[in-house]
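K.L.:
Let me see the structure of the following:
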Amino acid sequence: MREEGMSEIRIRRSWLAPAAIAILATALVVGVPAVRAQKVQQDFKDKLNIAAETGGVAVATSADGKYVYVVGRQGILVSDDHGKVGSWTQTASFK
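P.N.:
Have a look, this model is predicted:
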């Protein structure tokens, strides 16, 4: 049997646990998609302005959380997708 094509890696027993942890951590980092927050909507205030500068808003949700309602002094906003960015529509505008 030829020994030219074989590679041998020697690991000390004291390095076995850290090497296994490093391999597992690398597999998790590569295999698990990154957890990301929603992107920040920069122009939200200009598009959907329902709160007065001195007043607040009220928030309500459906039982399953799919529909989110926000009521302010100047209007009502509704989201039909758990409040995700881009799912908001202004249903009423008060004057």
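K.L.:
all strands of this structure, in order?
P.N.:
Assigned by DSSP state E, the strands in the chain fall at 58-61, 68-72, 75-79, 88-93.
K.L.:
which stretch in those strands has the least confidence?
P.N.:
Ranked by mean pLDDT, these bottom out at strand 88-93, which scores a mean of 82.
K.L.:
possible to save the strands of the chain as JSON lines with distance to Gly31 and mean neighbour count?
P.N.:
C-beta: built from backbone N, CA, C; applies to glycine. Below are the strands of the chain laid out as JSON lines (distance: least, C-beta to C-beta, whole Å; neighbours: other C-beta atoms under 10 Å):
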{"stretch": "strand 58-61", "distance to Gly31": "34", "mean neighbour count": "11"}
{"stretch": "strand 68-72", "distance to Gly31": "33", "mean neighbour count": "18"}
{"stretch": "strand 75-79", "distance to Gly31": "32", "mean neighbour count": "18"}
{"stretch": "strand 88-93", "distance to Gly31": "34", "mean neighbour count": "13"}
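K.L.:
Reformat these as JSON lines; add distance to Ser14.
P.N.:
Below are these laid out as JSON lines (distance: least, C-beta to C-beta, whole Å):
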{"stretch": "strand 58-61", "distance to Ser14": "54"}
{"stretch": "strand 68-72", "distance to Ser14": "54"}
{"stretch": "strand 75-79", "distance to Ser14": "55"}
{"stretch": "strand 88-93", "distance to Ser14": "57"}
